[in-house]
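Participant: only the shape, not the letters, is given here:
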């Protein structure tokens, strides 16, 4: 029986779908499999089985086989050569005087048949890496050499380091498998200061964590009136001065004389513009019993029960 599985080639890499073929019943999440990709043969880890029938639509590559202990040993042997290879790449880049380009990592295919050089540039101009490619081709005659340019967020993931919030590792290098689109709208919805130093990560892009609580804030704001709207409160009609989504309440401004007060959502009602203002109820003051009775009945008799 065939099944669609999700395979990840790096610890926090994207999940790719493959057909498990005849090996569907013998592999489990966490196992390693050998697959053929556009970058040659690679070893990936089974991340999940895909239960959505729509994922099975279309043609998908079938895994070659479950990875053996020998396969994993070969992969580890080539992985140990990556650091010294990166040194050679950087030395070659300095010799050819490449400006504004940074080389961050190299990756070998599990059997050494493919070599990927990962780099980034400071400008949008096309970079001619042919001299460096030719030099590497003389050293690595068995490998197919590929140069892969990555963006600022991928660079931050590779460099890792302390997060702005105090985490020992940034989110991108700790648990984020993919980068979601982040917009300034997410910061505004959460009332976060738009100071670039507070909403920008080490990559120079908006911080990934802006999306973590955005849905909760957006849902809460839909139940509350917007700033500037008129609302009826127990104290009368005022305008919303501030919205507190997580407290499920608003701060209402009654004017210069009466100031502001906070109310929960169930205590307010929206008022259309132009509607007459209801009288503002002043807080009751402590009065002698006799005075209160006169106000209630007008004749000094105790109120009827």
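Facilitator: Perfect, I can see it now. Note that the coordinates shown come from a computational prediction; the quantities given were computed from them, not determined experimentally.

Participant: hmm, residue 79 is touching residue 109, no?
Facilitator: No. With contact taken as CB atoms under 8 Å, residue 79 and residue 109 are classed as non-touching, separated by 10.5 Å. The C-beta positions use only the backbone N, C-alpha and C, and glycine is treated the same way.

Participant: compare those two (neighbour count), which wins?
Facilitator: Between residue 79 and residue 109, residue 109 has the larger neighbour count (other CB atoms under 10 Å), namely 19 against 12.

Participant: isn't that one right up against residue 40?
Facilitator: Yes. Using CB under 8 Å, residue 109 is in contact with residue 40, at 4.5 Å.

Participant: any low-confidence regions in the stretch 101-250 of the chain?
Facilitator: Across the stretch 101-250 of the chain, nothing is flagged by pLDDT under 70.

Participant: what is in contact with residue 79 and residue 109 at once?
Facilitator: Residues touching both residue 79 and residue 109 (CB atoms under 8 Å, 6 or more residues apart in numbering): there are none.

Participant: helices or strands up against the helix or strand where residue 84 lies?
Facilitator: Following DSSP states H and E, one finds residue 84 within helix 82-95. In terms of contacts (3 or more CB pairs under 8 Å, 6 or more residues apart in numbering; DSSP states H and E), helix 82-95 is packed against strand 101-108, helix 130-139.

Participant: can you list contacts of the helix or strand following the first one?
Facilitator: Downstream of strand 101-108, the next assigned helix or strand under DSSP H and E is strand 114-121. Contact with strand 114-121 is made by 39-40, 85, 89, 100-109, 127, 136, 140, 143-152, 154-155, 158, as judged by CB under 8 Å, 6+ apart.

Participant: now the buried members of those residues.
Facilitator: Buried by 16 or more other CB atoms under 10 Å: 39-40, 85, 89, 101, 103-109, 136, 140, 143, 145, 147, 154-155, out of the contacts of strand 114-121.
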